[in-house]
Structures are given as C-alpha cells and as structure tokens.
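Participant: for reference, the sequence and a predicted model appear below.
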Amino acid sequence: MSKIIKNICCIGAGYVGGPTMSVIADKCPNILVNVVDVDKKRIELWNSLDLDKLPIYEPGLKEIIKKRRGKNLHFSSKVKEKISEADMVFISVNTPTKKKGFGAGQASDLKWVEECARQVGKYCIGHTIVVEKSTLPVKTAEVIKKILQAVQPDNNNQNKKSFDVLSNPEFLSEGSAIKDLEFPDRVLIGGDNSQAIIALNNIYKNWVPQEKILHTNIWSSELAKLTANAFLAQRVSSINAIGALCESTGADVREVSRAIGSDNRIGSKFLDSGPGFGGSCFKKDILNLVYLSNYFGLPEVANFWEGVVKLNQWHQHRISNLIVKKLFGTITGKKIYVLGFSFKANTNDTRESAAINICKDLLEEGAILSIHDPKVEPNQICKDLGCSETQEIKKIRTLENNLLEGKWCFSKNIYDGFIESDAVLVLTEWEDYANINWLKAAEEMRKPSWVFDARSITDYKKIREANLNLWRIGDGTT
Ligand code: NAD
Ligand code: UGA
C-alpha cells in the first residue's frame, strides 16, 4: 500500500517553491503544507498582510495565498522542525551555474541541493519521500541518495530512517505559473519505487487527469527537464537568427513565423522573435547540458547546444549595435527610453533579462537611459546594472546632457520617460506598451526620433502616423 501523504515540507520559497506549494495546498486541503526558507526576509514577505507585497508577482497567486495561508499553507524559517514533521520533502532550492572550480560557467552548483539532502537526513523521522523539484543534472538523485544513506544511523533500529528519492521537475513558466500548475500539459514523476511514485501521483490526481501524469525512470525525468528547456530556448534562438536574415532580405519574421508555425509538425508556439531569451533557467540549463555532454565524451552534442546560447548573446549585442548605427553612429549624451526590464511580461523577475545586457551596452556607449517597468523595482535595476539611479535625469530639460552620460533613472509614469528622448526601446511585451498614445509621446521627444520595438508589440501604424522612425525585429520591409 502506498503511503497517504498528510504533511509536506518544501525547502525553498522561491519562484517555484512558493507558487507550487500554494497550488498543492489549494487543491489538497487535507494536506498540511509548510514552505521553509533560510532567507528570513523572503519568508516575511510571504507572510505580508498586504498581499501586494508578496515576494513574487504571479497572476492568481495572491488569491490562493489569501485562501490558504494560515490554514493548511504556512511559510517559515523553521527548517529543522518542519522537515522532522513531514512525510514528503520537496527540494526546491536554487541550482545556478557554478562560478568557480571544475565546470565553472557550465555545470550547476549543487551546494544548496546537497545542503538540503544533509538537512533532511539529519532532521527527518521515520520514512521520508524526498522529491527533487529543482532542475538538476542527470544522476543527481544518486548523490542525494548517497548523502541520505550516509547520515542515517545504521545500528539504532528504533530511530531507523528510510528514504525514497523521486524526480518531479517543474515545468511552470513565470507569469503564468498558477495557470500552468492548475492545468499542466503533464506532470512528470521519475523514480524506482512504485509505492513512492503512487504516493506523489495521488497528490497530483486531486486535480490533474491521470493520463497527464507520466511515470519514467529517474534519469529520464531529470534529463527530460533539461531537454524541454533546451528545445524551447532553441526555438527562440532559431527564430531570432531568421529575424536577422529577414532584415537583410526584405522578409518579415512575423510572416515567416506564421508560415512555418502553421505546419503541425513545427507548431506555432514559441516562435516570437524578441530581444533574446532571458529568465533564470534557459541559459543555465543548456550550459548544464553542454557540461554533461562534454563530461560523457560527446563534444559534438555539447557544441550543438552551446550554439543556442552563443546565438542569444550575439543577438542581444546586435540590437545594441543597431541602435547606435541608426542614431547616426553615436548615442553619447542621447536619451533612450527603455520600456520593460523584466525578462518577459507578467513577472517582476529580471534574472538574465535581455534588458540587462542591452542597457549595459547602451550605458557603456554613453547613452542616458530612462527605464520603465510596471513591476520591477528601481533598486532591482540598480543591482542588475551595477550602478545607482541618477535622479537629475528627470529634470533633463534644464541640465547639460554631458553630465549625465552613461547614467540612468527610473520613470514611474509611462509618459514622463518620453521627455527629450531621442529613441524608445521596447524590451518587454507588457500590455501597457501596446496601448501607448504615440502622438502624445512624439510631442515630447527630440527629433528625429526613433522607436526600436524588440517585441513587435507596439501599434506600428500609429507610430508611423506620429512621424516616428520605426525599427522592429526581423522587419526587412522598412
Ligand atoms: P529561487 O532562487 O527563487 O528560490 C530558491 C530558494 O531556496 C531561495 O529563496 C533560497 O533562500 C532557498 N534556499 C536555498 N538553500 C536553502 C536551504 N538549505 N534551506 C532553505 N532554503 C534554502 O529559485 P527558483 O526560481 O524557485 O528555482 C528553484 C529551482 O527550480 C531551480 O533549480 C530552477 O532551475 C527550477 N525551476 C525554476 C523555474 C522558474 O520559473 N523560476 C521553473 C522551473 C524550474
Ligand atoms: C521556461 C519554460 O517555458 C518553463 O517550461 C520552465 O519550467 C522554466 O523555463 C524553467 O525551467 O525555469 P520561463 O523562463 O518562465 O519558463 O519563461 P518562458 O515563457 O519560457 O520565456 C523564456 C524567455 O524566452 C523569455 O525571455 C521570453 O521573452 C523568451 N521568448 C519566449 C521569446 O523571446 N519568444 C518566444 O516565442 C517565447
């Protein structure tokens, strides 16, 4: 008989742990869900009375938190206590790319995952099912098992601890996390113990149809997660590469996307050209695949996947270069208004956002940037760009521009940032940017003025009517 799970502990209250556990708590009111994190500030925010202060912005999240928090959903820093009470522990901690040592720049840094395994081994009581929720290199389950086996006392039968390890990678996308969790395309469970698999399966069965819950061996599950991200990122690099070719040939990448996306075998999703993929996972997961391929003696496979990341980097610098060229070869002292800083719409996450590289390039060239984003806080932009805000830019009509070269400021109000701008650069596809009144914006801008729309979200007819020059990614018709 498989165990009925009554008490879950999730280690890691981040972009995955927070929303995933909230949905489990919502769909399974009989299960007590504790989300723990060493980051006390983050936990404080998860417990904020003002639900607009939750550490993560996801449509639909605050409604669930309002319903379940304090009932069967709790956020705390009591790692030891909550592990000891749980019969299933999810490991949902960060797995960034290693910064130093062997495999630096490619392999995942598993120190946080190892630490979790040690904590579980130390504090758990009786039988515990340990679930890998973080994205991990193939064979990590072996490491976790070894750590768990090493810490359990082998001669004290009364306190004997036992474990099963499962892989249950998460496929949610930020910005649509709640919808993705409530209506997943599939749930993947990898493992070698059928009772443990069924125990986890039965949790998901509360809201996911059984045919969408796939069971595989543990290594297939770990590798499938890396592969899914690599395939998705590959599509983005592919369409961005074709976008560059469109600009040189008179083709339009939107038309090419539609034409190829109508082929059922290709499919229409993930074919939007943009400023290059960002987010905390695509780059790190592909680099991890590159590392694994080399490790297993497959350099051709490694080179194939590395090309996807290299194309993405090249593409971002291509956009910065192109802006300089269009603005008569120099942007020193020119004001550029950047619309959008998050790596995609509907999230406040800026990790690996294309905006970071592109803004750094523009600042390096001496541009003065005004930056707007509906959800990203100015202090986050400050951290990402490595320099603080210069408020004087807001009074730009009265100041000599050369004092402000290479500086940036945040524009809280969408229309303020247009004042005295030479160009507007759209980097995130926020709905607000689709509805800009370009006649009003154009009145404030310095002539000749440009709009660089890297997301093809703006109303290009209205931009032309307002006598603004327009560049869109992959538009070879202009
Ligand atoms: P995150 O950095 O937002 O959150 C991780 C949290 O774990 C942090 O708050 C950190 O303080 C905490 N933590 C680390 N070690 C801990 C420990 N020993 N005890 C308690 N807390 C600890 O990361 P994330 O974006 O939630 O990603 C987590 C994992 O999920 C990664 O492997 C990532 O690749 C994967 N993933 C992320 C997404 C996404 O959209 N962000 C989607 C699918 C999968
Ligand atoms: C991605 C995957 O889609 C999720 O399935 C996965 O769980 C997650 O990574 C993860 O492992 O972290 P996410 O990074 O949240 O989700 O966002 P995506 O919607 O995949 O977008 C990634 C990047 O590609 C964004 O910068 C986005 O703007 C860009 N993109 C996406 C395009 O430029 N064009 C597209 O057509 C699609």
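Facilitator: All right, it came through fine. Numbers count the residues shown, from 1 in each chain. Ligands and ions are numbered 1, 2, ... in the order given.

Participant: neighbours around residue 241, how many?
Facilitator: 18 (other C-beta atoms under 10 Å). In short, each C-beta sits where N, CA and C put it, glycine included.

Participant: one more: residue 335?
Facilitator: 23.

Participant: can you check residue 314 too?
Facilitator: 14.

Participant: quick one: secondary structure of it?
Facilitator: helix (DSSP: H, G, I helix; E, B strand; the rest coil).

Participant: how close does it sit to residue 361?
Facilitator: Going from residue 314 to residue 361 by C-beta to C-beta, to the nearest Å gives 12 Å.

Participant: now residue 70
Facilitator: 47 Å.

Participant: what do you get for residue 53?
Facilitator: Separation of residue 53 from residue 361 (C-beta to C-beta) stands at 33 Å.

Participant: residue of the stretch 301-450 of the chain closest to ligand 1, please.
Facilitator: Distances between the stretch 301-450 of the chain and ligand 1 by C-beta to the nearest ligand atom are smallest at residue 349, namely 7.1 Å.

Participant: swap in the chain?
Facilitator: residue 14 (1.9 Å).

Participant: can you get me a residue count around the closest residue to residue 202 other than its chain neighbours?
Facilitator: Nearest residue to residue 202 in three dimensions, chain neighbours excluded: residue 2, at 6.9 Å (C-beta to C-beta, 6 or more residues apart in numbering). Applying other C-beta under 10 Å, we find 15 residues neighbouring residue 2.

Participant: my guess is residue 2 contacts residue 195. True?
Facilitator: Yes: counting by C-beta atoms under 8 Å, residue 195 is a contact partner of residue 2 at 4.4 Å.

Participant: how about the top helix by length along the chain: buried residues?
Facilitator: As assigned by DSSP state H, the longest helix anywhere in the chain is helix 218-249. Buried positions in helix 218-249, judged by neighbour count with 16 or more other C-beta atoms under 10 Å: 218-226, 228-230, 232-244, 246-247.

Participant: average model confidence for it?
Facilitator: Averaged over helix 218-249, pLDDT sits at 97.

Participant: ok, that helix near ligand 1 or not?
Facilitator: No: counting by C-beta under 6 Å from any ligand atom, ligand 1 is not contacted by helix 218-249; separation bottoms out at 7.4 Å.

Participant: packing partners for that helix?
Facilitator: helix 140-151, strand 162-167, strand 187-190, helix 253-261, helix 282-295, helix 299-326 (3 or more C-beta pairs under 8 Å, 6 or more residues apart in numbering; DSSP states H and E).

Participant: out of those, which gets nearest to ligand 2?
Facilitator: helix 282-295 (5.8 Å).

Participant: contact partners of that closest one?
Facilitator: Helix 282-295 has contacts (C-beta atoms under 8 Å, 6 or more residues apart in numbering) with 95-97, 103, 105-108, 135, 137-138, 225-227, 229-230, 232-233, 236, 277, 299, 301-302, 305-306, 308-309, 312, 352.

Participant: kindly identify which of these also come near ligand 2.
Facilitator: Under the cut-off given by C-beta under 6 Å from any ligand atom, ligand 2 has 135, 229, 232, 236, 277 from the contacts of helix 282-295 close to it.

Participant: quick one: which two of the residues you listed are the most distant?
Facilitator: Within those, 135 and 236 form the most distant pair, 17.8 Å apart (C-beta to C-beta).

Participant: so residue 90 sits in a strand?
Facilitator: Yes: Residue 90: assigned to a strand according to three-state DSSP.

Participant: pretty sure it sits against residue 16.
Facilitator: No: proximity of residue 90 to residue 16 does not meet the contact threshold set by C-beta under 8 Å, at 9.1 Å.

Participant: neighbour count: residue 53 and residue 361, which is higher?
Facilitator: Neighbour count, other C-beta under 10 Å: between residue 53 and residue 361, residue 361 has more, with 18 against 12.

Participant: ok, and the closest non-adjacent residue to the more buried one?
Facilitator: Here the residue nearest residue 361, using C-beta to C-beta, 6+ apart, is residue 320, at 3.5 Å.

Participant: residue contacts, the one you found?
Facilitator: For residue 320, the contact set (C-beta under 8 Å, 6+ apart) comprises 357, 358, 361, 362, 365.

Participant: name the SS class of the third one, please.
Facilitator: Think residue 361. helix.

Participant: neighbours around residue 300, how many?
Facilitator: Residue 300 has 7 nearby residues by other C-beta under 10 Å.

Participant: for it, report the pLDDT, please.
Facilitator: Value listed for residue 300 in the pLDDT field: 98.

Participant: that one: what's it in contact with?
Facilitator: Contacts of residue 300 by C-beta under 8 Å, 6+ apart: none found.

Participant: can you pull the buried residues of the helix or strand of the chain with the lowest mean pLDDT?
Facilitator: Using mean pLDDT, DSSP states H and E, the weakest-scoring helix or strand in the chain turns out to be helix 140-151, at a mean of 91. For helix 140-151, burial by neighbour count (16+ other C-beta under 10 Å) applies to 140, 141, 143, 144, 145, 147, 148, 151.

Participant: just to revisit the earlier point, would you list the buried entries among the contacts of residue 320?
Facilitator: The buried subset of these - by 16+ other C-beta under 10 Å - is 357, 358, 361, 362, 365.

Participant: so the second one: helix, strand or coil?
Facilitator: Three-state secondary structure (criterion: three-state DSSP) places residue 358 in helix.

Participant: I'd say it and residue 428 touch.
Facilitator: No: Residue 358 is beyond contact range of residue 428, at 11.3 Å (criterion: C-beta under 8 Å).

Participant: how about the residues of the stretch 51-200 of the chain that lie near ligand 1?
Facilitator: 79, 92-95, 112, 115-116, 134-135, 170, 172, 174.

Participant: mind doing that once more with 8 Å?
Facilitator: Residues of the stretch 51-200 of the chain found near ligand 1 (C-beta under 8 Å from any ligand atom) are 56, 77, 79, 92-96, 108, 112, 115-116, 119, 133-136, 169-174, 177.

Participant: now swap in the stretch 251-400 of the chain and tell me
Facilitator: So far as C-beta under 8 Å from any ligand atom goes, the stretch 251-400 of the chain lies against ligand 1 at 279, 280, 281, 284, 285, 349, 351.

Participant: could I get the residues you listed as a markdown table with distance to residue 159, pLDDT and neighbour count?
Facilitator: Output for these, formatted as a markdown table (distance: C-beta to C-beta, whole Å; pLDDT from 0 to 100; neighbours: other C-beta atoms under 10 Å):
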| residue | distance to residue 159 | pLDDT | neighbour count |
| --- | --- | --- | --- |
| 279 | 43 | 97 | 24 |
| 280 | 39 | 95 | 21 |
| 281 | 38 | 96 | 25 |
| 284 | 38 | 96 | 25 |
| 285 | 38 | 96 | 26 |
| 349 | 42 | 93 | 22 |
| 351 | 41 | 96 | 18 |
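
Participant: what's the farthest-apart pair in those?
Facilitator: Maximum pairwise distance in those, criterion C-beta to C-beta, is 15.6 Å, between 285 and 349.

Participant: correct me if wrong: residue 192 contacts residue 217.
Facilitator: Yes: assessed by C-beta under 8 Å, residue 192 is found in contact with residue 217 at 6.8 Å.

Participant: list residues touching both of these two?
Facilitator: With C-beta under 8 Å, 6+ apart, residue 192 and residue 217 have no common neighbours.
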